[in-house]
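Engineer: A structural model of the following input is requested.
(one chain, ligands or ions: 1)
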Amino acid sequence: MSIELDAQRHALTLHTVRTSYQMDLDTYGRIRHLYYGRRTGGHMAQLYPMMDHGFSPDYYAGRKSRGLSPDTSLAEYTGANTGDFRVGCLRCTNADGISGADFVYTGHEILSGAYDVPGMPCAHDQDGDCQTSIVRLKDAATGLELHLIYGVYERDDIITRSAKFVNAGSADITLTRALSVCLDIPFGDWELLHFHGRHEMERNAERMPLMHGIHTISSNRGASSHHHNPFVVLCDRSATEDQGECYGAMLVYSGSHRTDIERDFLGQTRVVMGIGDEMFSWQLSPGESFDTPQVILAYTHEGIGALSRRYHSFLRKNIMRSKFAFAPRPVLINNWEATYFNFDADKIVSIARQAAPLGIDMLVLDDGWFGLRNDDDHALGDWFVNTDKLPGGLDKLIARVHDMGMKFGIWVEPEMVSEDSDLCRAHPDWAIRVPGRDPAMGRNQLVLDFSRPEVVSHIADCLTRLLSENEIDYVKWDMNRNISDVFSHALPPERQGEVLHRYMLGVYDLLERVTSAFPDVLFEGCAGGGGRFDAGMLAYFPQIWCSDDTDAVERLSIQLGTSVGYPVSAMGSHVSACPNHQTGRTVPFGTRGVVAMCGAFGYELDPAKLTDGEKDEIRGQVARYKRWQSLIHDGLFYRLRMPENSDYAAWMSVREDRSEALVSVVQPHVHGNTPPIFLKLAGLDPDALYRVESFDVFGCTRTAPFDRSGVPVGSAYAGSQLMYAGIAMQRLFGDCPSIQMHLVRI
Ligand code: GLA
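Structural biologist: Numbering: from 1, shown residues only. From the prediction side, this is the model:
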């Protein structure tokens, strides 16, 4: 059993194969967190001597004996206004003016299988591995009940958590902060690894020591955002990719979020995570409940790489619901960077015609096919085909593409509306904006008020019509601005703080309806690139366009940073034209392919502008990608070298049975008279022999006359040799050369 109850000590332990998580009831009936870490037995109370700390108040019942304070005890979830002065999970007031809650244990349940989080995506129990525990608590003064819900995935070494509030009192309660989890770690010097960025430069890994005080990672943009991803790792100061203690906390939510990490006066570390509380409030009338989004927790003592691989496998297996999660993905060509808004049916067909013989499987028609959408300023919301551009409609275009043996995909941005659109003219109150104030415009568009069910239903009807009337194989679902001027015409004044979360519930409702009605359509998420790359979206989209920045050098930081939490198979990644449209940089065609292959691969360029040589390169790239797609997507992913710390970046994918591996190296900075590229490989079977099956160099302009590769094709090495001693590759010349090396166990 993965959940163990010690009735005598009032302790509950959640075991996974390699971790244990423990809580108990303290002397005064409050739930106390005891331990999360490497698997162990026993009751962990030995960690917590009774100690009295000045200015840390005592529970009333312990006012004479002292030594146990709400301000220093480890919590599973915090109350509020109860003498715990650290950063908390909750802020609430009831109609009588009583602020906060002091939660006392009232009961618990242990259930088999996974739990649901109503209205929100959450992990399912893919292979009967999960047990659920619900711990119930109550605040006597307000009647607010709290259910702490734990999902224990034994073989996956994952614990999911969520909290549910029920107003069991007689007065209304207003929640103004209701986070999902508290994770308290009593000892240790931790570093925070988090993923910051901006549009066209998402999820750059940044690691920093945690000092005393509170550090916040958050988004108040109504989306998980390009800027701060809702995923954090705490790792010990010496942790590397291959060793050291790490905790991960990943929020399954795509809206505004907040994570506070506090190192307190005793050196204890607290992480609280959940829905962002900026402009958040929620009215709970007697009998009503409120659910918080799920958090996926993982712990390992085997380094950041092991933590990543745990998340990769869990997200693919237990979060993603699409039948494409484990399926080979079509290699696509998208017309956005090829044409922007400037296309007609013949141009799209000509892109497809030139792409098909190169091995490309699918044509994706991006923005501009509907309404009067010839630039950014018009027609979002008018989801009917523009027959001036596409005479004969989508039907005819799709038939022409399908006739070439290619699949057909299409772009939509369902959550948005242009001021200049039929939809906005018909329903001006359907856009989110404050009455009497000019709204801030993002890309000259407004956000539809998805907190209103009728708006969600209207868009669901449009998408249903689009997908049932046309043979569409793939949808790119975009979202190109953040939400400001938050206000809904459909909610009373006291509920305006609910708009952003209700918006997310509306988005999830729409996604649920559309993706379950069209299970054979491959959906790719997008939000101006990777502005909503999170576990919530991955429940519906097995792949998400990783960034609008398609420059291969920039993509190294973006993709490797993203890979700390999210699987490679989920990262939409394309080869685009050079000079690159975002940076003006020129990277060799071959290297662009090597980088894009670390993802769900495709092209974003105009084949009419390619030389014959480049077309040959595409043929080679597509063939290599198709040969290795399952190794790259289903294999275990190892980051060997991050570009921030080195002149080169390197990563590898290893089949789970360790029978083959693909090593990729990209060198953005080439120097004169340089040392060789040195790498220690990872994940191989130390006792097996591996043969170098292929060793391809891209973008290398010459070789030095006396240089010879240290790893010639056909040579064989023990796994232990490759991992413990390493390999050195010959120096490369040119602007951003790269290497792909395929190893096969013999
Ligand atoms: C966003 C996407 C791009 C493209 C454009 C179209 O920026 O990230 O890939 O689809 O919208 O407007």
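Engineer: alpha carbons only for contacts and neighbour counts from here, please
Structural biologist: Fine.
Engineer: so who does the residue in the stretch 351-500 of the chain positioned nearest to the ligand touch?
Structural biologist: Nearest residue of the stretch 351-500 of the chain to the ligand, counting by C-alpha to the nearest ligand atom: Asp367, 4.7 Å away. With contact taken as C-alpha atoms under 8 Å, 6 or more residues apart in numbering, Asp367 is in contact with Trp336, Tyr340, Phe341, Trp411, Val412.
Engineer: again with Phe341
Structural biologist: By C-alpha under 8 Å, 6+ apart, Phe341 lies in contact with Asp367, Gly368, Arg373, Asn374, Asp375.
Engineer: Mind telling me what element the first one is part of?
Structural biologist: If you go by DSSP states H and E, Asp367 is not part of any helix or strand.
Engineer: In this structure Ile276 contacts Ser256, no?
Structural biologist: No, residue 276 isn't Ile; it's Gly. Yes: with contact defined as C-alpha atoms under 8 Å, Gly276 reaches Ser256; the gap is 4.8 Å.
Engineer: which residues do the two both contact?
Structural biologist: Common neighbours of Gly276 and Ser256, using C-alpha under 8 Å, 6+ apart, are Ser218, Ser219, Asn220.
Engineer: a markdown table please, covering those residues and showing distance to Thr160.
Structural biologist: Output for the shared contacts of Gly276 and Ser256, formatted as a markdown table (distance: C-alpha to C-alpha, whole Å):
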| residue | distance to Thr160 |
| --- | --- |
| Ser218 | 20 |
| Ser219 | 22 |
| Asn220 | 24 |
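Engineer: Out of those, which sit inside helices?
Structural biologist: Secondary structure assignment by DSSP state H places none of those in helices.
Engineer: now those as a markdown table including distance to the ligand?
Structural biologist: Output for the shared contacts of Gly276 and Ser256, formatted as a markdown table (distance: C-alpha to the nearest ligand atom, whole Å):
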| residue | distance to the ligand |
| --- | --- |
| Ser218 | 22 |
| Ser219 | 19 |
| Asn220 | 20 |
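Engineer: Which of these fall within strands?
Structural biologist: Ser218, Ser219 (DSSP state E).
Engineer: Ala45 in helix, strand or coil?
Structural biologist: The three-state label given to Ala45 by DSSP: H, G, I helix; E, B strand; the rest coil is helix.
Engineer: got the contact list for it?
Structural biologist: Contact analysis of Ala45 by C-alpha under 8 Å, 6+ apart lists Leu34.
Engineer: Then Asp548?
Structural biologist: Per C-alpha under 8 Å, 6+ apart, neighbours of Asp548: His199, Glu200, Gly528, Gly529, Gly530.
Engineer: Show the buried residues in the shared contacts of Gly276 and Ser256.
Structural biologist: Neighbour-count burial (16 or more other C-alpha atoms under 10 Å) applied to the shared contacts of Gly276 and Ser256 gives Ser218, Ser219, Asn220.
Engineer: Residue numbers of the stretch 401-550 of the chain in contact with the ligand?
Structural biologist: With C-alpha under 6 Å from any ligand atom as the criterion, the stretch 401-550 of the chain comes near the ligand at residues Cys526, Ala527, Gly528, Gly529, Asp548.
Engineer: Same list, these, but as TSV with pLDDT and secondary structure please.
Structural biologist: Listed next are these as TSV, based on pLDDT from 0 to 100; DSSP: H, G, I helix; E, B strand; the rest coil:
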residue	pLDDT	secondary structure
Cys526	98	coil
Ala527	98	strand
Gly528	98	coil
Gly529	98	coil
Asp548	98	coil
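Engineer: I'd like those laid out as TSV, including distance to Ser573.
Structural biologist: Shown next, in TSV, are these (distance: C-alpha to C-alpha, whole Å):
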residue	distance to Ser573
Cys526	12
Ala527	14
Gly528	14
Gly529	10
Asp548	10
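Engineer: And the strands in the stretch 301-450 of the chain?
Structural biologist: Assigned strands in the stretch 301-450 of the chain, in chain order: 332-334, 362-365, 407-412, 416-417, 446-447 (criterion: DSSP state E, counting those that start in this stretch).
Engineer: Tell me which of those sits nearest to Gln559.
Structural biologist: Distance to Gln559, taken as C-alpha to C-alpha, is lowest for strand 332-334 among the strands of the stretch 301-450 of the chain, at 18.7 Å.
Engineer: The closest one near the ligand anywhere?
Structural biologist: No: residues of strand 332-334 contacting the ligand under C-alpha under 6 Å from any ligand atom: none, with a closest distance of 8.6 Å.
Engineer: Can you list the strands that that strand pairs with?
Structural biologist: strand 362-365 (parallel), strand 600-604 (parallel) (DSSP bridges).
Engineer: Adding mean neighbour count and mean pLDDT, write the ones you listed out as JSON lines.
Structural biologist: As requested, the strands paired with strand 332-334 are exported to JSON lines (neighbours: other C-alpha atoms under 10 Å; pLDDT from 0 to 100):
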{"stretch": "strand 362-365", "mean neighbour count": "26", "mean pLDDT": "98"}
{"stretch": "strand 600-604", "mean neighbour count": "25", "mean pLDDT": "98"}
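Engineer: how about the ones you listed in CSV, adding distance to Phe518?
Structural biologist: Shown next, in CSV, are the strands paired with strand 332-334 (distance: least, C-alpha to C-alpha, whole Å):
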stretch, distance to Phe518
strand 362-365, 18
strand 600-604, 21
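Engineer: Tell me which of those strands lies nearest to Gly151.
Structural biologist: strand 600-604 (30.0 Å).
Engineer: quick one: buried residues of the next helix or strand after that closest one?
Structural biologist: The helix or strand immediately downstream of strand 600-604 is helix 612-634, counting by DSSP H and E. Within helix 612-634, the residues that count as buried by 16+ other C-alpha under 10 Å are 615, 617-622, 625-626, 628-634.
Engineer: Now do stretch 570-579, average pLDDT.
Structural biologist: Taken as a whole, stretch 570-579 carries a mean pLDDT of 98.
Engineer: One more: stretch 419-433?
Structural biologist: Average pLDDT, stretch 419-433: 98.
Engineer: buried set for that stretch?
Structural biologist: Buried positions in stretch 419-433, judged by neighbour count with 16+ other C-alpha under 10 Å: Glu419, Asp420, Ser421, Asp422, Leu423, Cys424, Trp430, Ala431, Ile432, Arg433.
Engineer: pretty sure the first one is touching Leu446, no?
Structural biologist: Translated: Glu419. Yes: counting by C-alpha under 8 Å, Glu419 touches Leu446, with 7.1 Å between them.
Engineer: What residues does the residue in the stretch 551-700 of the chain that the ligand sits nearest to make contact with?
Structural biologist: Per C-alpha to the nearest ligand atom, Glu604 is where the stretch 551-700 of the chain lies closest to the ligand, at 9.0 Å. Shown in contact with Glu604 (C-alpha under 8 Å, 6+ apart): Ile333, Asn334, Asn335, Trp336, Glu337, Ala338, His574, Val575, Ser576, Ala577.
Engineer: Please tell me which one of those counts the most neighbours.
Structural biologist: Using other C-alpha atoms under 10 Å as the neighbour criterion, His574 leads these with 32 neighbours.
Engineer: and that one, that's in a strand?
Structural biologist: Yes: applying three-state DSSP, one finds His574 inside a strand.
Engineer: how about the helices in the stretch 451-600 of the chain?
Structural biologist: 453-469, 499-517, 535-538, 552-562, 589-596 (DSSP state H, counting those that start in this stretch).
Engineer: scratch that, the chain
Structural biologist: Under DSSP H, the chain gives helices at 303-314, 336-339, 345-355, 393-403, 422-426, 453-469, 499-517, 535-538, 552-562, 589-596, 612-634, 719-720.
Engineer: Name the residues that touch the second one?
Structural biologist: Outside helix 336-339, the residues that touch it by C-alpha under 8 Å, 6+ apart are Leu365, Asp366, Asp367, Ser576, Ala577, His581, Glu604, Leu605, Asp606.
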